[in-house]
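**Student:** Got a sequence here, can you build the structure:
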Amino acid sequence: MFIISTYKKYIEDFDLNLLQCTFLGMGHNGVVYLLPDGKVIKVCFTEHSCRGEYYILNKVNGNKYFPKVYGMNGNYMIRDYVGGISLRDYIKEYGFNKELGSKLILLLEEFDKLKFTKRDIRCKDIFVEPDGNLRIIDPKKSFSRERDFPRHLSKGLEKLGVLEEFMEILKEKRPEKYKKWSKKIYEYLDSIQ
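**Tutor:** Have a look, this model is predicted:
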């Protein structure tokens, strides 16, 4: 068990009445509630998935793209709240532009710096905060799955009709990445149609 003293009461006792918390959402791995102090508690459906996500968040603790994690026990963890809206919803509402594309490229490059073996993330797991910064809410298998191109991200951008814009920005800003990724991205998209 990993404990940071500030959240020891939540982690050890879990005597918290979730009716006093604000429901934020539910995904494939669990349910997230906003705690009265502004942090969140994520209750995972399995201890295994909680341990896997906590491992990633703890390893990158302090990185600007990820919420700080404070502790876990069994199938729940305490972490920072991530505001804003999902990349998917952001693009639907505000569109896609060069600035956002550049931020996505920097995010993917951060995965390299963090030595992730999975260099991919889904659009629904990237949040655009009110200040325009990007944050990841649900990292999965970043150190255990091998993927050397942004497969899920590309699929999501394609569904939103902005993949070509992203690829043009990538080609301009990082031609070596464009060359490395473009064939894999288009082959993958062709294979799922």
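**Student:** which residue ranges form the strands in the protein?
**Tutor:** Along the chain, counting by DSSP state E, strands occupy 2-3, 22-26, 30-34, 40-44, 69-73, 76-79, 85-86, 126-128, 134-136.
**Student:** now for the fifth one, which elements pack on it?
**Tutor:** To tie it back to what came earlier, the one meant is strand 69-73. Identification of packing neighbours for strand 69-73 by 3 or more Cβ pairs under 8 Å, 6 or more residues apart in numbering; DSSP states H and E yields strand 2-3, helix 8-13, helix 47-59, strand 76-79. From N, CA and C alone the C-beta is placed, and that goes for glycine too.
**Student:** partners of it, with directions?
**Tutor:** When pairs are called by DSSP bridges, strand 69-73 turns out to pair with strand 2-3 (antiparallel), strand 76-79 (antiparallel).
**Student:** so how far is Lys140 from the spatially closest residue to Glu99 that is not a sequence neighbour?
**Tutor:** Once flanking residues are discounted, Glu99 sits nearest to Gly132: 7.7 Å by Cβ to Cβ, 6 or more residues apart in numbering. Per Cβ to Cβ, to the nearest Å, Gly132 is found 25 Å from Lys140.
**Student:** Look at the two and report which has more neighbours.
**Tutor:** Lys140 (19 against 11; other Cβ atoms under 10 Å).
**Student:** show me what contacts that one?
**Tutor:** Residues near Lys140 by Cβ atoms under 8 Å, 6 or more residues apart in numbering: Asn29, Gly52, Glu53, Ile56, Lys118, Asp125.
**Student:** Who wins on neighbours among those residues?
**Tutor:** Among the contacts of Lys140, Glu53 has more neighbours than the rest - 24 neighbours, counting by other Cβ under 10 Å.
**Student:** ok so, going back, mean pLDDT lowest for which of the strands paired with strand 69-73?
**Tutor:** Lowest mean pLDDT within those: strand 2-3, at a mean of 40.
**Student:** Could you chop the protein up by domain?
**Tutor:** Domains of the chain are assigned by automatic domain parsing as 2-79, 85-191.
**Student:** ok, of those domains, where does mean pLDDT dip lowest?
**Tutor:** Minimum mean pLDDT among those: domain 2-79, a mean of 82.
**Student:** out of the strands of the chain, which comes closest to Pro150?
**Tutor:** Taking Cβ to Cβ, strand 126-128 is the member of the strands of the chain nearest to Pro150, at 10.8 Å.
**Student:** now the most centrally placed residue in the chain: how far from Cys123?
**Tutor:** For the chain, Ile136 is the residue whose C-alpha lies nearest the centre (Cα atoms, centre = their mean; 2.6 Å). Noted for Ile136: a distance of 11 Å to Cys123, by Cβ to Cβ.
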